[in-house]
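Student: structure for this input, please:
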Amino acid sequence: MTNADMSSAGRVYQNPSAPRELWFNFGWYIKTMQKFPRYDAHWMGDFINEGHYDEIASNLTKKLAHSNIGETHDELGEKAGKCCVMTCCLCCPCITCCLCLQKHGILAEQAKLSAFLAHFLVIHGIKLNMRIEFVEQKSGEVGPTWYDSKKEPLRLVAFDRQFGGPPPGCNLVIITDTAVQWPPPPPPPPPVDPSKAAEQPTGAVTGAVNGAVSWVKDAVKGAVGGAKAQSDEVQEGVQSQTKPMQQEMADGNCPTFPCCNVSQREKSGTLDTITIADEANIVAKMD
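Tutor: So this is what the prediction gives:
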């Protein structure tokens, strides 16, 4: 069982000391522990086409699928050291042989991948300079920061996650003719389909009309609500003014037309008789 660091797998790093070198980290030389970076035509297309890149990645992955290495060289070295201490160095000769055999197997895998890559470049007439690099976890160096294509810095797990490089594991190193801008600029927005572009103004106008209609509806609702509230206030005011008058009239005292007051007419003896002068006064007050 291995605990190989896969945090760099599937990423592309630029060597800060040699900006023309791009390190494509694809995992480890251990079976099923490969992960190639995804092809990005926006900036990779300047030095390699997608077909060649995918074929290289596919073949390198297939060749490592038959690897008999089960752990990294650093992991086996740590186990060997512990075993030597526990046995007072009695098993050191055997452990040394195991380390040498594993190292030989790792170098054989690297040579196999390098041979395929060289043959591939020849048969396809690719003039680009490429090589395969295997880097152990403890082989990195703390120093200038390596950044991937997303501007994420490389942290070396074997060195307490300090900045440095190169990325541990298996790397496809591509040396470009000129240094690539790093990190690569974002891709331009996709072109707009003319047929869809013609529909966009209609959609915008429709949205604006719907917004205006909604605003008008809200305004009308507010106006109606305000008018209703004002009407209610007027009705309440009228009722507050007429209720006392109605009560007085019910008691026989008319505040507007004194001649109609029952109490006054009873005192004057004219309860059933209204003079012409009284009628004239009533008409004048009504006008």
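Student: quick one: Cys88 and Ser195, what's the gap?
Tutor: Using CB to CB, to the nearest Å, Cys88 is found at 81 Å from Ser195. No exception for glycine: its C-beta is placed from N, CA and C like everyone else's.
Student: sorry, that was for Ala4
Tutor: Distance from Ala4 to Ser195, by CB to CB: 51 Å.
Student: neighbour count: the two, which is higher?
Tutor: Ala4 (18 against 7; other CB atoms under 10 Å).
Student: state the helix or strand in which that one lies.
Tutor: Under the criterion DSSP states H and E, no helix or strand holds Ala4.
Student: start at 4, not 1
Tutor: Okay, using 4 as the starting number, the last item reads as Ala7.
Student: show me the residues around it that make contact.
Tutor: Listed by CB atoms under 8 Å, 6 or more residues apart in numbering, the contact partners of Ala7 are Trp31, Ile33, Met36, Glu74, Thr75, Glu78, Gln140, Gly172.
Student: which ones among these lie within helices?
Tutor: The helices, defined by DSSP state H, take in Glu78 from the contacts of Ala7.
Student: can you list the contacts of Ala7 in TSV and add neighbour count, pLDDT and distance to Thr179?
Tutor: Converted to TSV, the contacts of Ala7 look like this (neighbours: other CB atoms under 10 Å; pLDDT from 0 to 100; distance: CB to CB, whole Å):
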residue	neighbour count	pLDDT	distance to Thr179
Trp31	26	96	25
Ile33	20	95	29
Met36	19	94	27
Glu74	17	91	34
Thr75	25	92	29
Glu78	17	87	34
Gln140	19	87	27
Gly172	27	96	21
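Student: make TSV out of the contacts of Ala7 and add distance to Leu124.
Tutor: What follows is the contacts of Ala7, written out as TSV (distance: CB to CB, whole Å):
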residue	distance to Leu124
Trp31	24
Ile33	26
Met36	25
Glu74	31
Thr75	28
Glu78	33
Gln140	29
Gly172	22
